[in-house]
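J.: Following is a predicted model, sequence given first.
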Amino acid sequence: MTDKLQPFPKNFLWGGAIAANQAEGGWQAGGKGPDIADVLPHGIMHGPDAQVEPGVHYPSHEAIDFYHRHTADLQLMAGMGFNAFRLSIAWSRIFPTGEETEPNEAGLKFYDDLFQEMRSLGMEPIVTISHYETPLNLATKYGGWTSKKLIPLYLRYAKVLFERFGQYVHYWLTFNELNGVHLIPWAAGAFLPHGTESERLSQIYQASHNMFVATAATIKMAREIVPDAQVGIMLTMSNAAAYPATPKPADVFHTLTYQRRTFLYGDVELRGHYPKYFDRIVRDYDLHLDITPAELQLIADYTADYLAFSYYRTTTFTAGMKILGDTGGLTGKKNPYLPTSAWGWQIDPEGLRYVLNILADRYEKPLMIVENGLGVADEVGPDGRIHDTERMRYLVDHLKAVQEAITDGCDVLGYTWWGPIDIVSAGTGEMKKRYGFIYVDKDNEGRGDLHRRKKDSYALYRDIIQSNGALLDQPTEALVKHYTTASTTVSAE
Ligand code: BGP
């Protein structure tokens, strides 16, 4: 028996990920229309205002001003050796209300420039077509994805993207965390469920189904317009990493029930059909759904090319517990064996190996980790430096787990750290919850000069990438110590 690890594949995608609404700002620039993030003063977890209210601070309106600073920011990413960068396109930059018949050229031009810059820096764009930023008009007028009216509107938008950007973009993702629609329906589905439990769940599953149809139709279209494009789905897999809190059989089965809430999404979009256990969900909750045979055929014919997912944490469950959660995934009972972040998320690198393995076994499709990261309230020290040791430990331990999974036989295409530069938190709207290797001078109230500054983790990630992961054979604490004391961190300017 040998415990020798396989190296990361030669063409492994190393990078970071952001979303338009959390980074760009410029919420009305170049003719952009308002989207569902633009009415969230305190993030997804606190719900939307009915409209943009005067005098209220909405974090997405300026965010970190990536809209105007992307050239310098991408150079900072290139400085870490990124060969991939995941971002989303703000739908309402292209179709301000979602209903125009012609796209907005200023919006297209913005992304054209961005993709050209990325290509010239050697970065593979990974593009999320819809990441929590549906045009607000589609939410207020139609009830978001509960309505099938959104399907052709989304397809019109996706068609424009394939035609215009197909030459730069190889990896596409249809919806960010589609299965998030249960826990954060406003963000993931652009609606607020209402009525009885049966009615609310019917709305949630109808919205899911409509997005399944949109995904399948998008894959069909991509195969026609950009045949070598890879169209993936993106799900939160912190939800799949649920452990039974005890070995009691009832707790074990209840945990499987939670996991299936997530598996359902992969099962439909990767296997091409609703799993049998869905029939029982429909009966138990008396769901009323509009699902046609033609839609089911489309879903069967056009399954996704790869599975991209976010992974932040794990949790534990016991029989009868209610399902609660946030942007990080499901929340059950505290796991006594794991440390917890300042925002209550339990840190579990081995859980990432577990998730990669169950997904590889279940779907036998390539996997991509497109979100993983740690939110910390970093502070700039008197020497102007940021010693983000917790983040470095998190990064190294999770990448070690990825390498274990690769050695286990999992087909992993790449890893994009969530928020390589500090951005607005989706869940809470805070700037204080920082994920970046690059610090941005801005606080929760919007004060700060937006100055960028490298944290200690910047040099660590750069060197991990440069070695294509070989650096990870060193003990975590030795790496953390070395990069905390190294003099490689300097001001970004
Ligand atoms: C995921 C989202 C991201 C992101 C991340 C971290 O659910 O896809 O948009 O922000 O969670 O969550 P938060 O920003 O709430 O810390």
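T.: Yep, it's here.
J.: tell me which element residue 86 falls in.
T.: Secondary-structure assignment from DSSP states H and E places residue 86 in strand 84-88.
J.: Pull out the C-alpha coordinates of that strand and format them as PDB.
T.: Only the C-alpha atoms of strand 84-88 are listed here, as PDB (Å, rounded to 0.1, in the frame of the first residue of the first chain):
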ATOM      1  CA  ALA A  84      -8.900  30.700 -15.400                       C
ATOM      2  CA  PHE A  85     -11.400  33.300 -14.000                       C
ATOM      3  CA  ARG A  86     -15.100  32.700 -13.300                       C
ATOM      4  CA  LEU A  87     -17.400  35.600 -13.600                       C
ATOM      5  CA  SER A  88     -21.100  36.200 -14.300                       C
END
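J.: Can that strand be said to contact the ligand?
T.: No: judged by Cβ under 6 Å from any ligand atom, strand 84-88 makes no contact with the ligand; its nearest approach is 8.8 Å. Where C-beta positions appear, they are placed from N, C-alpha and C, glycine not excepted.
J.: quick one: the helices in the stretch 301-450 of the chain?
T.: Under the criterion DSSP state H, counting those that start in this stretch, the stretch 301-450 of the chain contains helices at 349-363, 389-408.
J.: Tell me which of those helices lies nearest to the ligand.
T.: Distance to the ligand, taken as Cβ to the nearest ligand atom, is lowest for helix 389-408 among the helices of the stretch 301-450 of the chain, at 13.2 Å.
J.: Close to the ligand: what parts of the stretch 201-350 of the chain are there?
T.: By Cβ under 6 Å from any ligand atom, the residues of the stretch 201-350 of the chain that approach the ligand are 236, 310, 327.
J.: Residue 403: which of the residues you listed is nearest?
T.: Nearest to residue 403, judged by Cβ to Cβ, of those is residue 310 at 19.3 Å.
J.: Just give the closest residue to that closest one, not the sequence neighbours.
T.: Of all residues not flanking residue 310 in the chain, residue 371 sits nearest, at 3.4 Å (Cβ to Cβ, 6 or more residues apart in numbering).
J.: which ones are touching the one you found?
T.: Applying Cβ atoms under 8 Å, 6 or more residues apart in numbering to residue 371 gives the contacts 17, 309, 310, 311, 312, 416, 418.
J.: Kindly report the same for residue 396.
T.: Going by Cβ under 8 Å, 6+ apart, residue 396 touches 460, 464, 472, 476, 479, 480.
J.: Kindly recompute the last result at 7 Å.
T.: 472, 476, 479 (Cβ atoms under 7 Å, 6 or more residues apart in numbering).
J.: show me which of the residues you listed neighbour the ligand.
T.: When contact is defined as Cβ under 6 Å from any ligand atom, these do not meet the ligand at all.
J.: Neighbour-wise, which one of those residues leads?
T.: In terms of neighbours by other Cβ atoms under 10 Å, those top out with residue 472 at 21 neighbours.
J.: pretty sure that residue contacts residue 401?
T.: No: counting by Cβ atoms under 7 Å, residue 401 is not a contact partner of residue 472; they are 10.0 Å apart.
J.: shared neighbours, the two?
T.: Common contacts of residue 472 and residue 401 (Cβ under 7 Å, 6+ apart): none found.
J.: Now do residue 51: how many residues are near it, please.
T.: 10.
J.: need the contact list for the residue nearest to it when sequence neighbours are not counted.
T.: Distance criterion Cβ to Cβ, 6+ apart; nearest residue to residue 51, sequence neighbours excluded, is residue 39 at 6.5 Å. Residue 39 is in contact with 48, 49, 51, 52, 136, counting by Cβ under 7 Å, 6+ apart.
J.: Let me know the closest of these to residue 192.
T.: Distance to residue 192, by Cβ to Cβ, is smallest for residue 48 among the contacts of residue 39, at 7.9 Å.
J.: so what's the closest one up against?
T.: Residue 48 touches 36, 39, 40, 186, counting by Cβ under 7 Å, 6+ apart.
J.: Which neighbouring elements make contact with the helix or strand hosting the last one?
T.: It refers to residue 186. In this assignment (DSSP H and E), residue 186 forms part of helix 185-189. The criterion is 3 or more Cβ pairs under 7 Å, 6 or more residues apart in numbering; DSSP states H and E, and there are no helices or strands that helix 185-189 contacts.
J.: Tell me how far the residue of the chain found nearest the ligand lies from residue 262.
T.: The ligand sits closest to residue 427 of the chain, with a gap of 2.6 Å, by Cβ to the nearest ligand atom. Plainly put, residue 427 is 18 Å away from residue 262 if you go by Cβ to Cβ, to the nearest Å.
J.: same question, residue 7
T.: Using Cβ to Cβ, residue 7 is found at 30 Å from residue 262.
J.: Equivalent analysis for residue 456, please.
T.: For residue 456, the distance to residue 262 (Cβ to Cβ) stands at 34 Å.
J.: now residue 51
T.: As defined by Cβ to Cβ, residue 51 lies at a distance of 33 Å from residue 262.
J.: ditto for residue 436
T.: Here the criterion is Cβ to Cβ. By it, residue 436 lies 28 Å from residue 262.
J.: between those two, who's got more neighbours?
T.: Higher neighbour count among residue 436 and residue 262: residue 436, with 30 against 24, using other Cβ under 10 Å.
J.: Contacts only, for the residue nearest to that one when sequence neighbours are not counted.
T.: In space, and not counting its chain neighbours, residue 436 is closest to residue 422: 3.9 Å by Cβ to Cβ, 6+ apart. By Cβ under 7 Å, 6+ apart, the contact set of residue 422 is 64, 431, 434, 435, 436, 438, 439, 440.
J.: what about 6 Å?
T.: Applying Cβ atoms under 6 Å, 6 or more residues apart in numbering, one finds that residue 422 lies in contact with 434, 436, 439, 440.
J.: Now, of the residues you listed, which are buried?
T.: Neighbour-count burial (16 or more other Cβ atoms under 10 Å) applied to the contacts of residue 422 gives 434, 436, 439, 440.
J.: Noted, bye for now.
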